[in-house]
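Chemist: What follows is a protein structure lacking sequence information:
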């Protein structure tokens, strides 16, 4: 299931859009420690497709997607 999230992002000198942190529903903030990969891909769990950012957050690898100017992560919870 798609879980839409608030994301702070910035543009680098080459014009690439890079997420910096994610905010969950309850306003918990998760800083993105590292971006390992950026590619166009489909979400196999939630459906849909967009730019997939493979991120390291608190030592764990997570996928963050940008689809039609909205950010989402895969979630087990219903919205």
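Modeler: Received it, and whenever you're ready, just let me know what you need. Computed from a predicted structure; not experimentally measured. Numbers count the residues shown, from 1 in each chain.
Chemist: In space, what's closest to the residue nearest the centre of the chain - neighbours in sequence excluded?
Modeler: For the chain, the residue nearest the mean C-alpha position is residue 64 (2.1 Å; C-alpha atoms, centre = their mean). Leaving aside its sequence neighbours, residue 64 sits nearest to residue 53 (C-beta to C-beta, 6 or more residues apart in numbering; 4.5 Å). In short, each C-beta sits where N, CA and C put it, glycine included.
Chemist: And the host helix or strand of residue 56, what's buried?
Modeler: Per DSSP states H and E: residue 56 is located in strand 49-57. Within strand 49-57, the residues that count as buried by 16 or more other C-beta atoms under 10 Å are 50, 52, 53, 55, 57.
Chemist: Now flag whichever of those is closest to residue 32.
Modeler: Minimum distance to residue 32 across the buried residues of strand 49-57 is 4.8 Å, recorded for residue 55 (C-beta to C-beta).
Chemist: So that closest one sits against residue 19, correct?
Modeler: Yes: Residue 55 is in contact with residue 19 according to C-beta atoms under 8 Å; the separation is 7.0 Å.
Chemist: so what sits against both of the two?
Modeler: Any residue near both residue 55 and residue 19 by C-beta atoms under 8 Å, 6 or more residues apart in numbering counts here, and that gives 32, 35, 64.
Chemist: and which of the residues you listed is nearest residue 14?
Modeler: Ranked by distance to residue 14 (C-beta to C-beta), these are led by residue 35 at 13.5 Å.
Chemist: For that closest one, pull up the helix or strand it's in.
Modeler: Residue 35 belongs to strand 34-42 when assigned by DSSP H and E.
Chemist: Tell me how far the residue lying farthest from the centre of the chain lies from residue 39.
Modeler: Distance to the chain centre peaks in the chain at residue 13, reaching 20.6 Å (criterion: C-alpha atoms, centre = their mean). Using C-beta to C-beta, to the nearest Å, one obtains 21 Å as the distance from residue 13 to residue 39.
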